[in-house]
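Asker: Test case, fold it:
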Amino acid sequence: MGISVFFVFCSLAGHLAQSEVILQADRPFLRVAVSDKATIECCYKGEGVDLTWEKRSVSHTIQNMTMLEHMNKELKKDQYTEIICGILTFQSVQENDTGLYQCSLRYKGSGVLTHGTYLQVYRPLEKTINLSEATKNTILTVEGVLLLLSVMMPSMALLFKSRSLKRLEMKKIKQEEENIYQGLNLDDCCTTYDQIERSMAQGPYQDVGNMMEEKEEIQLEKP
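Answerer: Numbers count the residues shown, from 1 in each chain. Have a look, this model is predicted:
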C-alpha cells in the first residue's frame, strides 16, 4: 500500500511539474547551405526552468551540446506573452552540424524534451564555368542575333525562291514566243499579204477582157 501511494505521489508531482511548463511549437525542419548562418529556437512558458541543448545525430545517439566557436546560445523572454525562447545560433554551419536539435527542460527535478528542429546542412553545387557579367551580356546578344537570323532566313529564302521562279517563268514565256516566230516564213507571209491587197483593190467584179488576157498569158507560159 505504501509503495503504491509513493508511485501515485511521484506521478502527480511529475504531472504537476510538466503542467507548469507549457511547450510552444518548434520549427520541424531547417535546411541551410554550408558556411551560412542558422538559428534554431525552442520556446516554452514557465519560470525557473533549466534549459540545455541536446543533439541527436544521424546514428540516433543523443549528445549534450558542446559549444564551439561558431555557436552561441541565449535566452529571450517576451514581456507580453511571458514566452521564453532558447536560441541556438550557428554563425557558419558545417556539414557535421547536421542533426536533430532538442531542448531539455528541467523543472524541480523533472524534465521534458522538446520535439526539436532537424538541421540539414548541404553543400551547394559549384559553378563549373564562372562567367563575368560582360561575358553573359555578350552571350545574350549573340543568342538574340542568332534567334533573329533563324526567324529571317526562312522568309528571305522563300523570297529569293519566288523571284527565281518568276524569272524562269518569264524566260519560258519569251522562249515560247521566239519559237512561234521561228516557225513562220517571212516570204510566204509577204506573198500572202500582197495577194490579199490585190484582191481587195480589184474588188469582187473583174472585166471579161482582162480575164481572157490573163488566160492567154497563162497559156503562153505553158511549154
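Asker: measure the residue lying closest to Glu20 once chain neighbours are set aside to Ile22 for me?
Answerer: Nearest non-adjacent residue to Glu20, counting by C-beta to C-beta, 6 or more residues apart in numbering: Gly46, 5.4 Å away. For glycine as for every other residue, the C-beta is placed from the backbone atoms N, C-alpha and C. When distance is defined by C-beta to C-beta, to the nearest Å, Gly46 is 6 Å away from Ile22.
Asker: what about these two, which has more around it?
Answerer: Higher neighbour count among Gly46 and Ile22: Gly46, with 17 against 12, using other C-beta atoms under 10 Å.
Asker: Now do the same contact list for that one.
Answerer: Glu20, Val21, Ile22, Ile84, Leu105, Tyr107 (C-beta atoms under 8 Å, 6 or more residues apart in numbering).
Asker: Domain map for the protein?
Answerer: 19-122, 127-185 (automatic domain parsing).
Asker: Of these, which stretch is the most buried?
Answerer: domain 19-122 (a mean of 15; mean count of other C-beta atoms under 10 Å).
Asker: Check the average confidence over that domain, would you?
Answerer: Across domain 19-122, pLDDT averages out at 85.
Asker: Let me see the ranges of the strands in the protein.
Answerer: Using DSSP state E, the strands of the chain run over residues 22-23, 29-33, 38-45, 50-56, 62-64, 71-77, 83-90, 99-107, 110-113, 117-122.
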